[in-house]
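In: quick one, what's the 3D model for this:
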Amino acid sequence: MKKNIWMRAAVVVGAASLMMGALAGCQGGSDAAQGGSKADIDAALKKGGELTWWTWSDATQKQADAFTKEHPNVKIKVVKLDNPDAAVTKLQNAVKAGSGAPDIVPVEYQTMPQLTMAGALADMTSYGFDGYKDQFTASTWSSVNVNGKLVGIPMDSGPMVFIYNKDLYAAAGITEAPKTWDEFVKDSAAIHAKDPNTYIATGGDAGFFTSMIWASGGHPFKTDGEKVTIDLQDEGSKKFADMWGGMLQRGELSPLATWSDEWSKALNQDKLATLMMGSWMISGMDDHGAGKWQVAPMPTWDGTPGSAENGGSGLSVTDQSKNKALAAAVLQFMADGTGRTLINQNGFPSTVKEFDNADWKNMTFAAYGDQKPNPIGADSAKSVIAGWQYLPFQGYANNVFGDSVGKAIGAKGDLNAALKEWQKTLVDYGNQQGFQVNN
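Out: Numbering: from 1, shown residues only. Predicted coordinates for the structure are as follows:
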């Protein structure tokens, strides 16, 4: 389980090489009119064949084995890659070369627009996959629908939750988790005043910032075909930057890098009070102290429910697959039944029926004592703010985040100025790649 958690953390990582000729690939790819049907899936299963499935997860082999056990005339070769970035880079190299892609590949939600525009992913609409819509949370279903194409099925999800060290909060005289950001700011000051070596949170990284802007009601990225709008000073972006920047300049945010050894030690040594992450982290806190953690909803500006996604991925069929109908059968298997059960064993679920599963709702974890935190994640999934879009070059955006906003975090600088600098870099890059950005 811990390894899967670290892999999900890779949502915050990007690489400049990920955006390679996306617009050049727009003319490629199959559309719904050229696709297959449910009948084609049945025919493909009857005929059998061989498929290749790229992955970064240790759980995939078990999922493939479950499918081939039910369909012994199908063989699946599972190819393990290092991480999500490696899968994206290799897939886009295959698109550029015109061959070499697998049949099936996991894709982080943040990368779906990028790979769709590159012509890497097949549109599965005609296979009847739109019939699964009501089975999934609105935010994850939206993530696999890009530019009018259904390019995958949701796998796990990452609705944000507030994981806090109740002992640290209590030591600062705080008896409950903050419900508003104003309360959060007050709690930050109290925790740091009690112990100058203790912080309410870290400064954050690209994945954290985009999720927090989302949770703050921001919509800084909008894409309509090749037209892209970037406004990192919209209301939600600026509200978050004003709040976070104030805490930063007062020295209340830890300089530690998330997922570093020092960060882990700070959690264990009661020097870091809060994690605001996807609900996949609920199951990842047992190594950081038994009984001292609690899970709460994310604070909001007015105290009413509101959240964002932070991580998660879908499962897609590539446009280069020569057996899309058989690959579609695997996605169908993973959408519900045995395949879906296996997915839910290795991540926070994206299927709404799991939220009503009594065994799942009543799960306990050593980190939280008697608390049953899963329903808090489920409520967060229901309150994810609609309308968020990622950039069609989000990998690049995350990669250069450190050159502007990351530097400002390290120097306790002006976050709004840094967001403007990040925006200029993204506008220039997008226009260089052939998009019409802020035009």
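
In: can you list the domain ranges for the protein.
Out: 2-157+311-356, 160-306+370-437 (automatic domain parsing).

In: show me where this protein dips below the pLDDT cut-off.
Out: Scanning the chain with the threshold set as pLDDT under 70 gives 1-35.

In: please redo it, this time with the cut-off set to 90
Out: Residue ranges of the chain with pLDDT under 90: 1-36, 225, 337, 345-346, 439.

In: nearest residue to the middle of it?
Out: residue 311 (1.7 Å; Cα atoms, centre = their mean).

In: surely it and residue 161 touch.
Out: No: here residue 311 does not reach residue 161: they are 11.8 Å apart, not a contact under Cβ atoms under 8 Å. Yep, even glycine has a C-beta here, placed from its N, CA and C like the rest.

In: returning to what we had before: now the domains of the chain in CSV, with distance to residue 364?
Out: Converted to CSV, the domains of the chain look like this (distance: least, Cβ to Cβ, whole Å):
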stretch, distance to residue 364
domain 2-157+311-356, 16
domain 160-306+370-437, 6
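
In: what segments of the stretch 51-200 of the chain are strands?
Out: 74-80, 104-108, 145-146, 149-150, 153-154, 160-165 (DSSP state E, counting those that start in this stretch).

In: same list (those) but as CSV, adding distance to residue 285 and mean neighbour count.
Out: Below are these laid out as CSV (distance: least, Cβ to Cβ, whole Å; neighbours: other Cβ atoms under 10 Å):
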stretch, distance to residue 285, mean neighbour count
strand 74-80, 27, 16
strand 104-108, 22, 26
strand 145-146, 32, 20
strand 149-150, 35, 21
strand 153-154, 24, 27
strand 160-165, 6, 26
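
In: using CSV, lay out those together with distance to residue 65.
Out: Formatted as CSV, those follow (distance: least, Cβ to Cβ, whole Å):
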stretch, distance to residue 65
strand 74-80, 8
strand 104-108, 14
strand 145-146, 30
strand 149-150, 27
strand 153-154, 19
strand 160-165, 32
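
In: nearest to residue 343, of the ones you listed?
Out: strand 153-154 (9.1 Å; Cβ to Cβ).

In: summarise which helices and strands the closest one is packed against.
Out: Where contact means 3 or more Cβ pairs under 8 Å, 6 or more residues apart in numbering; DSSP states H and E, strand 153-154 is packed against helix 138-143, strand 313-317, helix 324-335.

In: rewinding a little: can you give me the distance of the residue nearest to the centre of the chain to residue 408?
Out: Distance, residue 311 to residue 408, using Cβ to Cβ, to the nearest Å: 24 Å.

In: same check, this time on residue 78
Out: 42 Å.

In: what of residue 83?
Out: Counting by Cβ to Cβ - residue 83 and residue 408 are separated by 27 Å.

In: now swap in residue 400 and tell me
Out: 13 Å.

In: out of the two, which sits in the busier spot?
Out: residue 408 (22 against 18; other Cβ atoms under 10 Å).

In: right, and the domains of the chain - which one's nearest residue 362?
Out: Checked against Cβ to Cβ, the stretch from these lying closest is domain 160-306+370-437, at 5.5 Å.

In: go through the lengthiest helix in the chain and flag the buried ones.
Out: Across the chain, the longest stretch assigned as helix under DSSP state H is helix 415-432. The neighbour-count check on helix 415-432 (16 or more other Cβ atoms under 10 Å) flags 415-416, 418-423, 425-427, 429-430 as buried.

In: which one of those residues is nearest residue 133?
Out: residue 430 (30.6 Å).

In: for the closest one, what are its contacts?
Out: 228, 230, 391, 393, 437 (Cβ atoms under 8 Å, 6 or more residues apart in numbering).

In: now it: how far from residue 390?
Out: 13 Å.

In: for residue 364, the count of nearby residues, please.
Out: 12.

In: checking the nearest residue to it once chain neighbours are set aside next. Helix, strand or coil?
Out: Spatial nearest neighbour of residue 364, excluding adjacent residues (Cβ to Cβ, 6 or more residues apart in numbering): residue 372 at 5.9 Å. Classification of residue 372 using DSSP: H, G, I helix; E, B strand; the rest coil returns coil.

In: need phi/psi at residue 372.
Out: The phi/psi pair for residue 372 (degrees, to the nearest 10) reads phi -110, psi 90.
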